[in-house]
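Engineer: How does the following fold in three dimensions:
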Amino acid sequence: MTVRSSRRPPPCCRHGAHDMTLRDAATVVLVRDTTETGTGFEVFMLLRTVKSDFNAGAYVFPGGAVDRADGGERAQRLCSGLDAAQANARLGIDGGALAFYLAAVRECFEEAGVLLAASADGRILSLHEAATQQRFTDYRAALNAGTLDLADICEREHLCLPLDQVHYYSHWITPEGMPRRYDTRFFLCRAPAGQEPLHDGQETVDHCWVRPADALARHAAGSFNLVPATRKQLEFLARFADSDSLLRHVAAIERVPAILPILIMGSDGRPERVRLPLPEGDEEIDLRGVPL
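Structural biologist: Reported below is the predicted structural model:
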């Protein structure tokens, strides 16, 4: 049975204060048009280090767990284009939805160096100037080190966070039986033209812009490791011919079902396959050789 998006774990689980079995998380898909006319769009992906304890050696989208500060009033006062009630309605929950949006923005900056922010007059942040780029490189390092938070950066630079440009479209829950479990909301946003994403050299060791269909082809050929949830996002994205039609589609989504995969164990007690209870019907994926 498909778990609907109204399902919520207790607050202690959502923020990891007492129970790490299920943590709230956010992932953001950055899209941009390809430079060649008529060839569609690309998405930004990061390669996780093989030393990672989650999705090791796999290509992923920027993302991570929701932090307590993401739900704070100070950070949420910086949001524009989407208020708490609208965010709650879009995620289908009673409260706390803005924290997912803010986590998506923060993780995108931490992991990819792209800050989805704007000035008071609505101009999207550009890092073309060398001095500005260096300043925000330092901010990124401080954010990752925990000496600054997102609200500090936005207040110093007089920036707001235009969340109406960040579109919620998918919801996946890590299956029971995994050592780390996340209740993950997927968001999509057009990449800012004046910023160039880059892996952090620690949790991620490489990055690429790739067309969804090309990523899937490389995965099928064995040269582009993907976990099932990422693979299904790429299959969805590959259905669209251009970024405009994709963004129109996700902006119009009104209800997002939560997908809770089911692990199928082999005789050795290790995950062998995973069953995906998708709205269009169940699907099974072979997990042998898949990074988990």
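
Engineer: ok, which stretches of the chain are helices?
Structural biologist: When secondary structure is read from DSSP state H, the chain shows helices at 11-15, 73-76, 84-91, 97-112, 130-145, 150-157, 212-220, 228-237, 243-251.

Engineer: Quick check: which helices or strands does the last one pack against?
Structural biologist: The contact analysis (3 or more Cβ pairs under 8 Å, 6 or more residues apart in numbering; DSSP states H and E) places helix 243-251 against strand 23-33, strand 167-173, strand 182-190. Heads up, the C-betas are built off the backbone N, CA and C, glycines and all.

Engineer: closest one to residue 235 among these?
Structural biologist: Proximity to residue 235 (Cβ to Cβ) singles out strand 167-173 among the helices and strands packed on helix 243-251, at 11.3 Å.

Engineer: Roughly how far does the nearest residue to residue 159 once chain neighbours are set aside sit from residue 257?
Structural biologist: Leaving aside its chain neighbours, residue 159 sits nearest to residue 117 (4.1 Å; criterion: Cβ to Cβ, 6 or more residues apart in numbering). As judged by Cβ to Cβ, to the nearest Å, residue 117 and residue 257 stand 31 Å apart.

Engineer: With residue 173 instead?
Structural biologist: Distance from residue 173 to residue 257, counting by Cβ to Cβ: 11 Å.

Engineer: circling back: out of the helices of the chain, which is the most enclosed?
Structural biologist: helix 97-112 (a mean of 26; mean count of other Cβ atoms under 10 Å).

Engineer: So in terms of bridging, what pairs with residue 118?
Structural biologist: With DSSP bridges applied, residue 118 shows beta-bridge pairing to residue 124, residue 160.

Engineer: about what we covered before: for residue 117 and residue 257, indicate the residue with more neighbours.
Structural biologist: Shown here are residue 117 and residue 257; by other Cβ atoms under 10 Å, residue 117 has more neighbours (24 against 15).

Engineer: Please look at that one and residue 154 and confirm they touch.
Structural biologist: Yes - with contact defined as Cβ atoms under 8 Å, residue 117 counts as touching residue 154 (6.4 Å).

Engineer: Minimum distance to residue 143: which of the helices and strands packed on helix 243-251 has it?
Structural biologist: Nearest of those (Cβ to Cβ): strand 23-33, 15.3 Å.

Engineer: Quick check: nearest residue in space to the spatially most central residue of the chain, chain neighbours excluded?
Structural biologist: Central residue of the chain (Cα atoms, centre = their mean): residue 27, 1.1 Å from the mean position. Among residues not flanking residue 27 along the chain, residue 63 sits closest, at 3.1 Å (Cβ to Cβ, 6+ apart).

Engineer: Kindly report the same for residue 205.
Structural biologist: Spatial nearest neighbour of residue 205, excluding adjacent residues (Cβ to Cβ, 6+ apart): residue 49 at 5.0 Å.

Engineer: ok, the one you found - contacts?
Structural biologist: Residue 49 makes contacts with 56-57, 202-205, as judged by Cβ atoms under 8 Å, 6 or more residues apart in numbering.

Engineer: okay, and the common contacts of residue 117 and residue 154?
Structural biologist: 160-161.

Engineer: farthest-separated two in the contacts of residue 49?
Structural biologist: By the measure Cβ to Cβ, 57 and 202 form the most distant pair in the contacts of residue 49, at 14.9 Å.

Engineer: hang on, the earlier thing: give me the phi and psi for the residue nearest to residue 205.
Structural biologist: phi -60, psi 150 (degrees, to the nearest 10).

Engineer: what's the distance between it and residue 126?
Structural biologist: Distance from residue 49 to residue 126, by Cβ to Cβ: 30 Å.
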